[in-house]
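A.B. asks: Kindly return the folded structure for what I paste below:
(2 chains)
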Amino acid sequence: MSDKPRIDEPTGTRTVGHEWDGIEELDTPMPRWWLWTLYATIAWAAVYVVLYPAIPMVNSATQGVLGWSSRADLEKEMAGHTAKRAPIVNAIAAMPIAALPSKPELLEAAIQGGSAAFKVHCVQCHGAGGAGVVGLYPSLTDDDWLWGGDLGNIETTLIHGIRNPDHDETRLSSMPAFGRDGILDTAAINDLVSHVRVISRQEKPSAASTRGAVLFEANCVACHGTSGEGNRELGAPRLTDAVWLYGGSREAIAKTIYNPRNGVMPRWNDKLDAVTIRMLAAYVHSLGGGEDAPAPFSAPATAASAPDEDPGNG
Amino acid sequence: MANPDTLAGHDGPLYAARKGVYPKKVDGNFRRLKWLIMAVTLAIYYGTPWIRWDRGPYAPDQAVLIDLANRRFYMFQIEIWPHEFYYVAGLLIMAGIGLFLVTSAVGRAWCGYACPQTVWTDLFQHVDRVIDGDRNAQIRLANGPWTGGKIAKRAAKYAIYLAIAFWTGGAWIMYFADAPTLTRDFWTGEAAFIAYGTVAALTATTFVLGGFMREQVCIYMCPWPRIQTAMMDEKSLLVTYKDWRGEPRGSLKKALAHPGSLGDCVDCNQCVAVCPTGIDIREGPQIGCITCALCIDACDTVMAQVGRPRGLIDYCALDDVAVEKAGGTAPPVLKTLLRPRLMIYLAIWCAIGAAMLFSLGERTRLDLAVQHERSPLYVQLSDGAIRNNYTLKLRNMEARPRTVAITVSGLPGAQLWTETGSRDRASQRVEMTISPDSVTRVRLFVAAPATGPVRQDFTIATYGRDGDPRGDSDIIQFDRPEAQ
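C.D. replies: So this is what the prediction gives:
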């Protein structure tokens, strides 16, 4: 190995003096402009250090004379997005929720906004996509609704919650604990289970179900209806269908009659703004089970009855 | 030749200053070819965005448009969507193989004729000659004092440089938006910041690289000379000084005084004077030679003047060099071009092109992608049936709204409806109108009886209801709860 620089004959250039199996490296001079480029980058760095946050100090970096920060950038971008969304948000806020379907672009925007809010506030119980958890939280994607599945009812449920403590307007109903409180004994509960299983077409009629029918007539029809069709005014589930929040097996139904859950959903009007709640309602309505608004005559009836109730409540 | 001993303690220069290159005006076949290629390539570059192409009311009418905002690439009657980007990959592969083909045939012809750096440098050097005069006048002016005349000439030259550079940068952005609209917006200050930024950056690079860096780009920056060297073989044509014919060189006067003692080269230095990269081709093949062949034109002119045969400097393959040195005649150029290596490159190039054209002609313009929603996987409905939700992406790649139908098969008793429908009105089929040239997202609800396999494959299909019945289908799963 030669370590003596020599002049390479064909090019007339000096070698660096190393040789690997006959391969030598030429010490070709760098072009002068390359040096200028290097100086330019150094100058750039010097200016940059003055203008932008750069040198780490004990608690934070130097601020830079431009006062730039990535957080301020983010705030500006977020403000820009808020301003861009404002017309849509205001339009959604300004119209009654039942009218949303007549404005497809607003409905679409509301569903998108609701989808985002759902992921933050609702998935903890109802699961991603509103799948629910059997035995704990209802599915929002099916066609069975405890308190009503049209846009207005879903919004009301969201605003006031279900059995939300210390809130007057919350949706409220309470199934008695027939077993725990000793209203019915175990045999009676078993008969009642048989009857419920018959009306939901899970069992064939039997002697037990016949006895259960009598018990049902005496204890259950006030809320669940004479044939178990349920009552949405009271959040009493329909007992004849295939959807069971707390399970439809003998054990599960018996457990419910013995000690009902009376599930709670918090109200959201103290946590979210009205438009976000409205968008959540639109999103939940879009999950596959959303119902059309009820026939118009019921709407004035509720509106008219509300003021009448007010003095009584006060 | 320096004595190695004298190098001890001598570090040599670390940096080399650029040597001024003042190529002399020349005329000849290759120069005319270069003018023609320059005119054609510049016309294509500056003019293409202004060609109009009628695509109907739902698509832009610019023949070549890279619409980044809407993710479309238009090229005459071809429209490429992002998911069809493999066509662009195919074009790039063709460009690569085309370069293999050209390089193994005629060496660095790309460098010498078609490379943008070469074309713009050639244009800027022409500006030099128009403002400053030919080679000698340019050298005189460069070395002369800063008189008023020199300042005026420099100002005029740089102004023209800047105008060309600006025009070049300005033409670039026209490929990315409607050219007439963008031009108007650009001058009224309404164009996007990125448009001004791009024009400024490209104006700067064109001004610096074409006006000042020139051959430095080829010699120091560009990787292509190194790559091309590896692609050439002994049959590739190179610009070659035929030293066996030219040496020993000497002036015409000397040659006439001592006939037979000197070669054909009259040492007139014209080949060096016309070289746009400032090299001496007589030193042999080198990285600085872009094979523009202007030295061939210059030498041919001189040979004609002194009454000697042309081609002292000429395109010549290494194999031909050996033959000619031995006194033989090189085979005709056509024979070296028709060798198997080039034929194979050509065949591959044509095959890729033909395959792309064929698939372009065959592609459907209505596309379906189905995603089974996983959360929840299935929904228990109150009447006992099971519902699954699917997200459909319907890609209408035609520039017209379309009426399409969505159907399912392989799922007995299925009912389908979308967000705008309901199960009461559901049937085995959904029909809808989808927007032109866009992807429509549809949530499809499919309900089926609970009796059936836990996981069942079935087909969702879409097809046109407006004349063109071609469409697309996807096999997807229907999930049911496990038996309790």
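A.B. asks: show me what contacts the residue in the stretch 151-300 of chain B that chain A sits nearest to?
C.D. replies: Using Cβ to the nearest Cβ, B:Y220 is the residue of the stretch 151-300 of chain B that sits closest to chain A, at 5.4 Å. Just so you know, the C-beta spots here come from the backbone N, C-alpha and C atoms, and that holds for glycine as well. B:Y220 sits next to A:31, A:34 when contact means Cβ atoms under 8 Å, 6 or more residues apart in numbering or on different chains.
A.B. asks: ok now the helix or strand where A:G114 lies, how far from the chain's centre?
C.D. replies: A:G114 belongs to helix A:104-121 when assigned by DSSP states H and E. From the chain centre to the centre of helix A:104-121 is a distance of 9 Å (Cα atoms, centre = their mean, to the nearest Å).
A.B. asks: Can you give the domain ranges for the chain?
C.D. replies: Picked chain A for this. Taking automatic domain parsing as the domain assignment, the ranges for chain A are A:7-51, A:86-171+A:264-292, A:186-258.
A.B. asks: Sorry, I should have been clearer: chain B.
C.D. replies: B:29-85+B:105-227, B:366-479.
A.B. asks: mind putting the ones you listed in CSV, mean pLDDT and distance to B:S261 included?
C.D. replies: Shown next, in CSV, are those (pLDDT from 0 to 100; distance: least, Cβ to Cβ, whole Å):
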stretch, mean pLDDT, distance to B:S261
domain B:29-85+B:105-227, 94, 31
domain B:366-479, 91, 76
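A.B. asks: returning to that earlier point: quick check, the residue of the stretch 151-300 of chain B closest to chain A in a helix?
C.D. replies: Yes - counting by DSSP: H, G, I helix; E, B strand; the rest coil, one finds B:Y220 located in a helix.
A.B. asks: Please tell me how far it sits from A:L35.
C.D. replies: According to Cβ to Cβ, to the nearest Å, B:Y220 stands 12 Å off from A:L35.
A.B. asks: Likewise for A:G225?
C.D. replies: 92 Å.
A.B. asks: try B:I97
C.D. replies: B:I97 is 39 Å from A:L35, by Cβ to Cβ.
A.B. asks: B:D320 now?
C.D. replies: The value you get for B:D320 to A:L35, if Cβ to Cβ is used, is 42 Å.
A.B. asks: Check B:Q138 too.
C.D. replies: For B:Q138, the distance to A:L35 - Cβ to Cβ - is 26 Å.
A.B. asks: re earlier: give me the more crowded residue out of B:I97 and A:L35.
C.D. replies: With neighbours defined as other Cβ atoms under 10 Å in any protein chain shown, B:I97 and A:L35 compare such that B:I97 has more, 20 against 13.
A.B. asks: Setting the sequence-adjacent residues aside, check what's closest to A:L172.
C.D. replies: Spatial nearest neighbour of A:L172, excluding adjacent residues (Cβ to Cβ, 6 or more residues apart in numbering or on different chains): A:R163 at 5.9 Å.
A.B. asks: OK, contacts around the one you found?
C.D. replies: So A:R163 contacts A:170-174, A:262-265 (Cβ under 8 Å, 6+ apart).
A.B. asks: What does the pLDDT read for it?
C.D. replies: pLDDT for A:R163: 94.
A.B. asks: can you give me the helices for the stretch 1-150 of chain B?
C.D. replies: Along the stretch 1-150 of chain B, the segments classed as helices by DSSP state H, counting those that start in this stretch run B:29-47, B:86-106, B:109, B:116-132, B:135-143, B:148-173.
A.B. asks: Summarise which helices and strands the fifth one is packed against.
C.D. replies: When contacts are defined as 3 or more Cβ pairs under 8 Å, 6 or more residues apart in numbering or on different chains; DSSP states H and E, helix B:135-143 packs onto helix B:116-132.
A.B. asks: what is the orientation angle of the helix it packs on with helix B:29-47?
C.D. replies: Here helix B:116-132 runs at an angle of 100 degrees relative to helix B:29-47 (axes from the mean of the first three to the mean of the last three Cα atoms, to 10 degrees).
A.B. asks: contact partners of helix B:116-132?
C.D. replies: B:22-23, B:25, B:34, B:37-38, B:41-42, B:111-112, B:138, B:141, B:153, B:156-157, B:160-161, B:164, B:168, B:206, B:209-211, B:214-215, B:217-218, B:222, B:276, B:290, B:292.
A.B. asks: circling back: of the helices of the stretch 1-150 of chain B, flag the one that's most buried.
C.D. replies: helix B:109 (a mean of 21; mean count of other Cβ atoms under 10 Å in any protein chain shown).
A.B. asks: With only the CA atoms kept, save stretch B:150-158 in PDB.
C.D. replies: Only the C-alpha atoms of stretch B:150-158 are listed here, as PDB (Å, rounded to 0.1, in the frame of the first residue of the first chain):
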ATOM      1  CA  LYS B 150     -19.800  46.900 -20.300                       C
ATOM      2  CA  ILE B 151     -22.300  47.800 -17.600                       C
ATOM      3  CA  ALA B 152     -25.000  48.400 -20.200                       C
ATOM      4  CA  LYS B 153     -24.300  45.100 -21.900                       C
ATOM      5  CA  ARG B 154     -24.200  43.200 -18.600                       C
ATOM      6  CA  ALA B 155     -27.500  44.800 -17.600                       C
ATOM      7  CA  ALA B 156     -29.100  44.000 -20.900                       C
ATOM      8  CA  LYS B 157     -27.900  40.400 -20.800                       C
ATOM      9  CA  TYR B 158     -29.000  39.700 -17.200                       C
END
